[in-house]
Structures are given as C-alpha cells and as structure tokens.
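[1] Task: produce atomic coordinates for the following.
(2 chains)
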Amino acid sequence: MGTRILTVEDDERIRTAVKMALEDEGWEVEEADTGEEALQAFTRQPADVVLIDIMLPGIDGFDVCRSIRRVSDVPIVMVTARADTHDVVAGLEAGADDYLTKPFAPKELSARIRALLRRARPAEVGVTHLRFGDLEIVPDEGVVLRAGVELHLTKTEFRLLVELASAPGRIFSRESLLEKIWSYGYFGDGRLVDVHVRRLRMKVELDPANPRHVITVRGLGYKLQP
Amino acid sequence: MNSVNPEIRPVQARTRPRRRTRIIVPVRRRFGLRTRLTVTFALGAAVLSSLLSAITFGLTRENLTAQRERSAVERAAVDAARIPAQLPEVPTRLEIEQLLRDIPLTDGAAAALEYRGRWYTTDTQSFGIDAVPLSVQSDVEAGDAIKLHASVNGKSSLILGVPVPALPGGYFEAVPITDLQRTLDRLALTLFIASLLTTAGGGLVGYWASRRVFAPLLDVGTAAEAIAGGRLDTRLPVGGDSDLDLIANPFNEMAQALEDRIDRDARFASEVSHELRSPLMTIAATVEVLENTRDELPERAQTALSLLAADVDRLQQLVEDLLEISRFDVGAIKLHLEDVRAAEMIIQAVRVLGGGGVPVRFEPEVGEVMVRVDKRRFGRVIANLLDNAERYAGGATAITIERIEERLRVSVEDRGNGVPIEERDIIFDRFSRGAEGGNRSNDSGVGLGLALVDEHVRLHGGRVWVDDRFDGEIGARFVVELPIIEPPADSVSDSLIEPVNLV
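    Numbering: from 1, shown residues only, chains lettered A, B, ... in the order given. Down below sits the predicted model:
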C-alpha cells in the first residue's frame, strides 16, 4: 500500500484538481470537505500525511490540526491563502509541520511531503543515548525522557532536538536548521524554526519562559545547552 | 496670447497620485510661534519696565531737586538775614569779603554780595560779577528773590539771589549740585539695568510659557509621527486637561477613523487575495495534471497547453504583485526582519534564481557587512532587478556590492540600451515600462516589478535609482542602497561564502 494523504479542502474544484495532480505523483489520496469529516476519516484510518486548508466551514483548519495533534504525530501541512498574516504562525502553533501558500504547484507539495516523510524516519546520528541534565534522548527509538518520564514530541520536534543535540553548545543558524530539517534553502521561512523551537521548549523545558536546554542566541540562531 | 497651454507640463518627477487636493492650513508668519511668544513677552516686559523706570526717575529727580532747592533757599535766606547786622557802618572791601567768608557755606559753594553797585565775593575766580546777569542783580536789589541754574566754574550749580533790603543790596549764593546730578545719573543707570533684566526675565517667562503651552502640541506631533510611521493604535491621553481635550479628542477620532479604514482596506485585500487564489489554485493544479500527460496530447493541444501554462504563471505573478502592492497601499506589510550578511544573501538570491552566470563582486571586508531585511522580500528585490535586466537588456552582466560609509550599495549592471535620463524616475512607477518595454509582444512582465522593488527598498529604509554603468559604456546600472547595521560582537563566522568573485 502506498503513502496515504488526507486532504481537507472545502472547494471541490481545488480538491479534485489537487487530488489528480497528487495521484500523478504516485500518492494515494483521501478527500474530506469539512473538518468534521476529516477527523472522522482520520479516526477511521490514520493517514500518513495530512494536508489541511485553514479556511474551512464549521471547525476550521487550526482546530482540525489541534485535534489530530492530540492523538497523532503524523506530518501535517497547512495550506493558507494568506502568507504574511498571523495565519502561518497560528497554523504552526496549532501543530502543523510546514505550510504552503495558495496557489502552489502540486510538485512543490510533493517535494514537501517527501521531506516530511523522510525526516519521519529518524536515527541518522550514530549515538544511541544522549543525556543533558534531566533530559534523555534515544535517537534510534525516537524517545525523549525528562526525569525518566517519556515526552510526546512530534517527529519534526524530535528531529529538531536531535539535530541540536548532535553538537551540544554549537550555534545552529536558522538557515542551517531550515535546510537540515525542512530541506528549505536560504530563503526558507525562519518562522518555521522559531515556532518549532517554541513548541519544543513547551515540552522539554520545565520552565519554558526561562529555557535551560534550548537556548536562543540573539541574531545568530539556537543551541542546545548541555 | 502668452498663457501656457495646460496640456504641456514639465516632465514631472515621480509623484504619487493623490485622490483629493490637499488642504493645507496656511502658515501665518515667518517666525515660529514660540519665537513670537518669547519676543512678545520680552517686548511687553521692556515697555512696562521702561515706563516704570522713566516715571521713577522723573519723580525722584523732581523730589530730590525740589528738596535741595528748598534747603538751599532757606539757608541763603538765613545767611542773607544775618548780613545787615554784622556789617559796619562804612565797611571796607576787606571787611565785607571777610564777612562773606565767615558765612558757613556748604562744600564748594560760593557767596557774593551786591552792595551799592559793587560786587563782593568769596571766589573772584568763578563767582565774579559776570556770573549773575545784571538784570537779575537789579531784580534782586528791587526785592525779588530769584533762583537760576547755571554753570559755575564748570560745575552745574544753583544760583540763589536774596534781596537784603536793609542795605539795600542783594545776597547771592552759588551752590554746586553736581552730587545731585551724580546721584541721578547712578539712579538712571540702575533703572536702565533693571529694565534690561526685566526684559530678559520677560523673555524667559515667555519662552518657558511657550514651552509649557507647546508641550501638548509637540505630543500631538509625536503621536502623528507615530501614526504616519505605522503605529496606528497611537492615541493621545484624554481627561487630564479640558482645554487640551479639545485637541486630543478630535485627534483620537481621526486616528480611530484612519485605523478603521486601513483595517477595512486590509481585510478587503485579504478577501480579494483569497478569492483570487482559489481559482488560480485549481488552474495551476489542472495545468500540472495536463502537463503530466503532455506526450499523449495532439500537437495543437500541446501548443495550447504551453500557452496556458505560460499565462497561468504570468497571472499568478500578477496576482502576487498586485496583492503585494495593495498591501503596501494599506500599510498591511509586516516585515519579518532578520540580520543577515548582505553578500551571502545576494549570492543565495542569484543562486536560487538560476542566475548562476551573473558574477557577484565585492571586496573581502564587504562580505561581513550586515543588513536588517525581510530576507524573502529582499530576495524578490534582487529577483525583480535580474528579471528586469533579463527582459529588457539581455540579462545582467554583474552585481557589485560596495560599502559607502554607513550604507550598502548593490549595483545590478546590464548591457542593454540604458535608461534615458528623463525616464530614470518614472521607470519605477507602476505599469510603466519605458519606451523600451512598451512594444514587446512576448513580454511576460506586467510592469509592477520595479515598482515593487522601489516599495520594498523604501520599506527597508533604503532607496533605489538608475545610473550609468561603472565603466561608462552603454547599459544601465540599477542601484539599491540600504542602511547597514553593526554585526553582533560575538559573531561566529559560519558563513557559506568565500569573499572572492563568485561566478
């Protein structure tokens, strides 16, 4: 069975056209035209990737995203018609891994999905066990423990943590993180990194307002404090 | 007729179209309100203090003089009354002069007696018979007491004449009043200085008062500036001073109206954005599906598909540009500013655009220069400039980055026909393509590229213009100038660039 993509989009013509284009790329596509239907479909059979349009009738894309996030770490791509507003940040904070702005080329979407799925299989770091104070990372098993308790990170968050942990104390620029985690080039959106770091902190830090591990280096990037 | 034909206007520098004629409240005077207030206060103080000084001086002088004269007159009368009793029956000149010398006179005063047509005096040098006119002498002898001001021995003096009817004769005294004059001079000087100080004080009070009055107005100015700078939620405090509320309330209403209107426009642009993007999304996806089956299509359909695909791209670009421009117009652009190395960013921009053939030149030290930009928007600036060169001049030949003091200059050169001087301003206007671009049938641009460059650069605090090539040959050079920022002190050099010519 191929990789299944659940697309949530209320505009029937867009939905059909995108489905056709994605099927041409070799993906298996399941459609939903409302948030409710999407959640039912996901509960019935979880997809490998979820594509959510933010502007939906009924429960909106953010809510769909949050609902799915509560039960799954599946890669989620948000689709927005407005790239420069707070929609992007709100979508990322609702748990999306990446976003695209309409109109996008389906080939670009395919590339994004491939990047997300690729990084959903971690363990490229040769170390089997990393420990930072009360924080414990097992890259091969995709597990993070704080004081012995397992934390639920999405795959992107996990990948980000492992990347930072690969060289503790080294400063990673936004650009390099965008390239390594999202396969974006120099002009990728730095907000992806910023919001994911914020989300990561909410989970791994005891006091997210005064982070002890994931540190911002002003004007330069981020680092993991050993 | 020498009236100017209204059709013929001088070539205008770039101006923004205004919807309505501006209403400008005329400025009344050449000097500022504060200067005028200060000067008015100072003048008022000057007039008042001068008047008071003059009155004080006049009264004092009159008082002092009158007092002095009265005492002198009384004294002279007493002296005169004592003369007849002390004078022998037939006095000699010496006896008379001795008698006069015995009279207790004030310092510097002189006495004289006119007796039987002869003049006896204590001071022949300065108080001789010439000191008092003959007519006065006879008036005194006739019984009139007189006083007159005259100069005796070069000193301003009061001359008193008292009749001595027992002789008969006249007694005269010359009392110098220079000390009085000195006192009055000192008083005048003191009053003058006091007036000057009062004037200066008045000016200071005026300056202080004008500042006090102006402070709220300056607040209004600061608030207006903040609003103009995009801080639309700026308001003036209300409720402190009922007089100032007369300004603050309408100002706040204006600000609110402006904010509402911009909000509405921004919402509208956002709605339009969504409405336009949805059909474009369908079209873009459909075209891609068709492209996937291109080989199965008949030749005519393939040609049609190529045309469709090209214009879908163009339409997408146009919609993007229009939306971006409308965001500028409603001030809805939110820059995502980052501090980046300018050279690195420009090299990356050239790379992303596939313009690998365009060399980027800069001195090694320029490689570390930082600018604060919205990377993606500035990437568009470079993209649009390269695109413009591609479209009208056969492609850019070089990008040069220089540091000119605290500013960074990025020059994009081409070897096209250049831009005539008169078009160098209007080329940045919307939908203006200059004479060069107007007649290109296969032109895929929509004439917003350079307008967007201009808007973006200005939003970044820089400017853009067209110049001649560095080497003076035919072609154009588009120059973008940006302010540079100081790099963080602990900057780590993990840059991707080598500071050499990158081809």
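[2] which residues touch B:Ile129?
    By C-beta atoms under 8 Å, 6 or more residues apart in numbering or on different chains, the contact set of B:Ile129 is B:119, B:121, B:137. For the C-beta atoms, the positions are set from N, CA and C on the backbone; glycine is no exception.
[3] who touches the helix or strand harbouring B:Ala343?
    Secondary-structure assignment from DSSP states H and E places B:Ala343 in helix B:342-352. Helix B:342-352 is contacted by residues A:185-187, B:356, B:358, B:360, B:362, B:366-367, B:369-371, B:373, B:375, B:378-379, B:382-383, B:386, B:399, B:401, B:408, B:410, B:482, B:484, B:495-497, B:499, B:502 when judged by C-beta under 8 Å, 6+ apart.
[4] Now, the residues you listed that are in strands?
    Counted as lying in strands by DSSP state E, out of the contacts of helix B:342-352, are B:360, B:362, B:370-371, B:373, B:399, B:401, B:408, B:410, B:482.
[5] All the helices of the chain, in order from the start?
    All of this is about chain A. A:12-24, A:35-44, A:61-71, A:87-93, A:106-119, A:155-165, A:174-177, A:190-204 (DSSP state H).
[6] To clarify, I was referring to chain B.
    Using DSSP H, helices in chain B cover B:33-86, B:93-102, B:134-141, B:178-228, B:242-292, B:299-329, B:342-352, B:375-393, B:434-437, B:449-459.
[7] could you give the angle of the fourth one to helix B:242-292?
    Put simply, helix B:178-228 runs at 30 degrees to helix B:242-292, going by axes from the mean of the first three to the mean of the last three C-alpha atoms, to 10 degrees.
[8] ditto for the second one
    Taking the same axes, to 10 degrees, one finds helix B:93-102 and helix B:242-292 inclined to each other by 60 degrees.
[9] same for helix B:93-102, what does it pack against?
    strand B:110-115, strand B:118-121 (3 or more C-beta pairs under 8 Å, 6 or more residues apart in numbering or on different chains; DSSP states H and E).
[10] likewise the third one?
    With contacts defined as 3+ C-beta pairs under 8 Å, 6+ apart, the packing partners of helix B:134-141 are strand B:110-115, strand B:146-152, strand B:155-164, strand B:169-176.
[11] what's it in contact with?
    B:114, B:129, B:146, B:148, B:161-163, B:168-170, B:172.
[12] if we can go back for a sec, tell me the most buried of the helices of chain A?
    When neighbours are counted by mean count of other C-beta atoms under 10 Å in any protein chain shown, the highest per-stretch mean among these falls to helix A:155-165, a mean of 24.
[13] returning to that earlier point: which among the contacts of helix B:342-352 count as buried?
    Applying 16 or more other C-beta atoms under 10 Å in any protein chain shown to those, the neighbour count classes A:186-187, B:358, B:360, B:362, B:366-367, B:369-371, B:373, B:375, B:378-379, B:382-383, B:386, B:399, B:401, B:408, B:410, B:482, B:484, B:497, B:502 as buried.
[14] Helix or strand, whichever it is, which one in chain A has the lowest mean pLDDT?
    strand A:130-132 (a mean of 81; mean pLDDT, DSSP states H and E).
[15] Show me what that one is in contact with.
    In this structure, residues lying in contact with strand A:130-132 by C-beta under 8 Å, 6+ apart are A:136-139, A:165, A:168, A:213, A:224-226.
[16] got the buried residues for stretch B:123-141?
    Of the residues in stretch B:123-141, those buried by neighbour count under the rule 16+ other C-beta under 10 Å are B:123, B:126-127, B:131-132, B:136-137, B:139-141.
[17] Could you tell me the end-to-end distance of that stretch?
    Stretch B:123-141 has an end-to-end distance of 21 Å (criterion: C-alpha to C-alpha, to the nearest Å).
[18] Confidence-wise, which of the helices of chain B is weakest overall?
    Mean pLDDT is lowest for helix B:434-437 among the helices of chain B, at a mean of 51.
[19] Out of the helices of chain A, flag the one nearest chain B.
    For these, proximity to chain B was assessed by C-beta to the nearest C-beta; helix A:12-24 is nearest, at 3.6 Å.
[20] So the spatially closest residue to A:Val138 that is not a sequence neighbour versus chain B, what's the distance?
    Distances taken as C-beta to C-beta, 6 or more residues apart in numbering or on different chains place A:His129 nearest to A:Val138, at 6.0 Å, with adjacent residues excluded. With the distance defined as C-beta to the nearest C-beta, to the nearest Å, A:His129 ends up 28 Å from chain B.
[21] Can you check the pLDDT for A:His129?
    According to the prediction, A:His129 has pLDDT 77.
[22] count of residues packed around it?
    As a burial measure, the neighbour count of A:His129 was computed by other C-beta atoms under 10 Å in any protein chain shown and equals 10.
[23] Contacts only, for it.
    The contact partners of A:His129, by C-beta under 8 Å, 6+ apart, come to A:136-138.
[24] List the ones among those that fall in strands.
    Assigned to strands by DSSP E, the following of the contacts of A:His129 qualify: A:136-138.
[25] Name the member of those with the most neighbours.
    The most neighbours of any of these, using other C-beta under 10 Å, belong to A:Ile137, which has 25 neighbours.
[26] list the contacts for that one?
    Under the criterion of C-beta under 8 Å, 6+ apart, the contact list for A:Ile137 reads A:129-131, A:143-145, A:161-162, A:165.
[27] from those, which is closest to B:Gly201?
    Within the set of these, A:Leu161 lies nearest B:Gly201; the separation is 72.4 Å, counting by C-beta to C-beta.
[28] The closest one contacts A:Val144, correct?
    Yes. Under the criterion of C-beta atoms under 8 Å, A:Leu161 is in contact with A:Val144, at a separation of 6.6 Å.
[29] Touching both of those two, which residues are there?
    A:137, A:153, A:204.
[30] was I right about A:Gly91 contacting A:Arg82?
    No. The criterion here is C-beta under 8 Å, and A:Gly91 misses it with A:Arg82 at 10.5 Å.
[31] about what we covered before: which one among the contacts of B:Ile129 gets closest to chain A?
    Closest to chain A, out of all of those and judged by C-beta to the nearest C-beta, is B:Thr121, at 103.2 Å.
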